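In: Okay, predicted coordinates and the sequence, questions at the end:
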Amino acid sequence: MREEERALMSELVRYHVEGAVARLTLDSPHNRNALSTALVDQLHQGLDRAAADPAVRVAVLGHTGGTFCAGADLSEAAGQDPGDVAVDRAREMTKTLRAILELPVPVIGAIDGHVRAGGLGLVGACDLVVAGQNSTFALTEARIGVAPSIISLTLLPKMTPRSAGRYFVTGEKFGAAEAAAIGLITLATDDVEGTVAGLAADIAKGSPQGLAASKALTTATILKSFDDRAEELTRMSAELFVSDEAREGMLAFLQKRPPSWVV
C-alpha cells in the first residue's frame with residue numbers, strides 16, 4: 001500500500017486518502033452523526049491532516065447511516081451549566097465551519113440521507129455539495145426555542161432570501177431537488193458516489209496554488225461575516241439556549257413529546 005493510500009480509523013470520524021482525495025466520513029450512526037464534542041474534535045483532526053498533506057487536492061465529507069448530520073448533540077447538555085454549554089457549542093460550531101471554509105483545498109459534501117439543524121451549517125460551509133434524491137433537509141431550531149444563529153453565517157450567503165425566510169421559521173422538510181433550486185446544494189442526483197468522483201477528478205487537475213487561491217475568492221465574503229458577526233451570534237445563541245422556552249423545547253425533544261407551546 002502506498003503512503004497516500006493509508007487509512008486512519010477513528011471512533012466517530014474516519015479519514016482515508018485515495019490518490020488526491022481525502023475522505024472524511026462521519027461515522028456515529030447511533031446518534032445520527034450529531035455534533036458531539038468528540039466528533040467535532042475528530043473532524044478537525046481530519047481537516048488538519050488533509051491541509052497538511054501535499055498530495056491532497058480535494059476533501060470529501062461524507063457519512064455512514066441514513067443521516068448525514070442531525071445537528072447538535074442535545075444529550076451532552078445534561079448535568080452541565082446551560083450557559084457554559086451554550087457558549088462552548090456556539091464557539092465549537094464557529095470553529096468547525098471556519099475550518100471547512102479556510103481549508104486550502106475544496107470540500108465536497110457527499111450526502112445520501114437526512115440533514116437537520118446544525119448539520120445544514122456544514123452543508124453551507126462546503127464548496128460543492130452533492131445529495132441523493134431521497135435526502136431531506138430541515139432547519140428545526142425554532143421548534144425547540146432557539147434559532148440557526150451561527151450556521152446562518154454559511155447558509156444565508158448560499159440560500160435565496162425567500163427560501164431562508166421560509167425554511168428558517170417553518171422547520172418543514174424539503175428534498176434534494178428543492179435544496180439545489182434554492183442554492184443550498186450544488187447537485188441532486190441518483191448517483192452520489194459517481195457524481196462526487198467525477199467532480200473530485202476534475203478538481204484534482206488543479207494545482208495546489210490555483211485551487212487555494214480560487215477557493216479563497218469564493219469564501220472571503222463569508223469569512224468577513226464571521227469576523228464581523230460571530231461574537232454577536234454566539235451571545236445570541238447562548239441567550240436563546242438558556243431561556244425557559246429552549247429548556248422546555250429541548251426537554252420535549254428528548255422526551256419525544258410536543259413542547260408546551262404546541263396546542
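Out: Looks like it came in fine. Numbers count the residues shown, from 1 in each chain.
In: From residue 261, how far off is the closest residue in space to residue 258 that isn't next to it in sequence?
Out: Nearest residue to residue 258, sequence neighbours excluded (Cβ to Cβ, 6 or more residues apart in numbering): residue 252, at 6.3 Å. The C-beta positions use only the backbone N, C-alpha and C, and glycine is treated the same way. To residue 261, residue 252 is 9 Å away according to Cβ to Cβ, to the nearest Å.
In: who has more neighbours, these two?
Out: The neighbour count for residue 252 versus residue 261, taken as other Cβ atoms under 10 Å, is higher for residue 252 (18 against 11).
In: so that one sits right up against residue 144, yeah?
Out: Yes: under the criterion of Cβ atoms under 8 Å, residue 252 makes contact with residue 144 at 7.4 Å.
In: and residue 122, what does it touch?
Out: 61, 68, 69, 96, 97, 100, 109 (Cβ atoms under 8 Å, 6 or more residues apart in numbering).
In: low pLDDT regions in the chain?
Out: Scanning the chain for pLDDT under 70 picks out 1-10, 76-85.
In: the residue most distant from the middle of it, which is it?
Out: Most distant from the centre of the chain: residue 263, at 32.2 Å, with distances by Cα atoms, centre = their mean.
In: Going by secondary structure, the residue nearest the centre of the chain is in what exactly?
Out: Central residue of the chain (Cα atoms, centre = their mean): residue 122, 1.6 Å from the mean position. Residue 122 is part of helix 119-125, with elements assigned from DSSP states H and E.
In: Could you give me the buried positions within that helix?
Out: By 16 or more other Cβ atoms under 10 Å, the buried positions in helix 119-125 come out as 119, 120, 121, 122, 123, 124, 125.
In: Which stretches in the stretch 151-263 of the chain count as strands?
Out: 174-175, 187-189 (DSSP state E, counting those that start in this stretch).
In: Ok, which of the ones you listed comes nearest residue 92?
Out: strand 174-175 (26.6 Å; Cβ to Cβ).
In: Now do that closest one: which elements does it pack against?
Out: For strand 174-175, the packing partners by 3 or more Cβ pairs under 8 Å, 6 or more residues apart in numbering; DSSP states H and E come out as strand 136-138.
In: Parallel or antiparallel, which strands does the strand it packs on pair with?
Out: With DSSP bridges as the test, strand 136-138 is paired with strand 114-116 (parallel), strand 174-175 (antiparallel).
In: ok so, going back, contact partners for the residue nearest to residue 258?
Out: Per Cβ under 8 Å, 6+ apart, neighbours of residue 252: 144, 258, 259, 260.
In: So among the residues you listed, which ones count as buried?
Out: Looking at the contacts of residue 252 with 16+ other Cβ under 10 Å, the buried ones turn out to be 144, 259.
In: okay if I get the contacts of residue 252 as a markdown table plus distance to residue 25?
Out: Output for these, formatted as a markdown table (distance: Cβ to Cβ, whole Å):
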| residue | distance to residue 25 |
| --- | --- |
| 144 | 28 |
| 258 | 34 |
| 259 | 34 |
| 260 | 39 |
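In: Looking at the contacts of residue 252, which is nearest residue 222?
Out: So of the contacts of residue 252, ranked by how close each gets to residue 222 (Cβ to Cβ), first place is residue 144, at 26.0 Å.
In: residue ranges for the strands of the stretch 1-150 of the chain, please.
Out: Going by DSSP E, counting those that start in this stretch, the stretch 1-150 of the chain shows strands at 7-8, 13-18, 21-26, 58-63, 67-69, 107-111, 114-116, 128-132, 136-138.
In: want to try a markdown table for the ones you listed, with mean neighbour count and distance to residue 215 as columns?
Out: Below are the strands of the stretch 1-150 of the chain laid out as a markdown table (neighbours: other Cβ atoms under 10 Å; distance: least, Cβ to Cβ, whole Å):
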| stretch | mean neighbour count | distance to residue 215 |
| --- | --- | --- |
| strand 7-8 | 12 | 24 |
| strand 13-18 | 19 | 19 |
| strand 21-26 | 23 | 15 |
| strand 58-63 | 26 | 10 |
| strand 67-69 | 26 | 22 |
| strand 107-111 | 25 | 9 |
| strand 114-116 | 25 | 22 |
| strand 128-132 | 25 | 10 |
| strand 136-138 | 21 | 24 |
